[in-house]
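[1] can't give you the sequence, but here's the structure:
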């Protein structure tokens, strides 16, 4: 076993500089970037120094998100497409390389949530969520890996629903459970090539996807009662965790799912 040795001052400075939380020079693709968590992730990455390609379906909202990234002083470009399209992975990679050059990061924030009682869940409901939440990021990662530089990161936006069960959300939980194991498997397989793979798993976060649910006073009270932090999460709570995992500060973090859930899963 190697002997532990306290680093001298110059070595400490080197460690501090190498393990920066900054993303200066990074080139990162963010899917689902036209709104919600994805849009805030893109803005936060830009504020941390990254150049960002924002990918989303809604062109108008996507341009607004791109403008927010540019307002941080960062370089940004956008690509409007459906990540489930047959040629979407190749298009995203091609545009990213054209706009950003060598790729150092990929963030999968695109996702859908269709809460439905299990007995009423049609095959199409399961298929839609699987297509967006699992198959699309699987395919895009596969297309991007040959173009990721050593030290690059791939971050999936998973969910607390990939860690604990929720009633009326079985199909969604199944997709996020798949994401959790996809992250672990990819982390092991891609680590020898210098690519890190991790996830951030949000709890209840206020976005357009669940706004109609949180508008119900009873549902809102139930969520608050079940969250030790005593509040609903905001997109600003999630983005810094993604920025950390994409940064050199997380150079030794591989295959984790970082829960950002106000303590829900700790109970």
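    Okay, I see it. Here the structure is a predicted model, which is why all the values come from computation and not from measurement.

[2] Residue 56: what's it in contact with?
    Residues near residue 56 by CB atoms under 8 Å, 6 or more residues apart in numbering: 31, 32, 33, 34, 35, 38, 62, 65, 78, 80, 110. (Glycine included, C-beta is placed from N, CA and C.)

[3] Correct me if wrong: the second one contacts residue 140.
    No: Residue 32 is not in contact with residue 140 according to CB atoms under 8 Å; the separation is 11.3 Å.

[4] Overlap of the contact sets of those two?
    83, 108.

[5] Geometric centre of the protein: which residue is closest?
    Centroid-nearest residue in the chain, with CA atoms, centre = their mean: residue 157, separated by 3.3 Å.

[6] Run through who's touching the biggest strand by length in the chain.
    Secondary structure assigned by DSSP state E gives strand 148-157 as the longest strand of the chain. The set of residues external to strand 148-157 that reach it, using CB under 8 Å, 6+ apart, is 32, 37-38, 41, 102-109, 111, 137, 141, 144, 179, 182-183, 186, 190, 193-200, 202, 238, 242, 245-246, 248, 250-251.

[7] List the buried residues in it.
    Neighbour counts using 16 or more other CB atoms under 10 Å place 148, 152, 153, 154, 155, 156, 157 of strand 148-157 among the buried residues.

[8] same thing with stretch 242-262?
    Per 16+ other CB under 10 Å, stretch 242-262 contains these buried residues: 242-247, 249-250, 253-262.

[9] hang on, the earlier thing: give the bridge partners for the residue nearest to the centre of the chain, please.
    Beta bridges link residue 157 to residue 200 when assigned by DSSP bridges.

[10] Buried only: go through the contacts of residue 56 for me.
    For those, a neighbour count by 16+ other CB under 10 Å gives the buried set as 31, 32, 33, 34, 35, 38, 62, 65, 78, 110.
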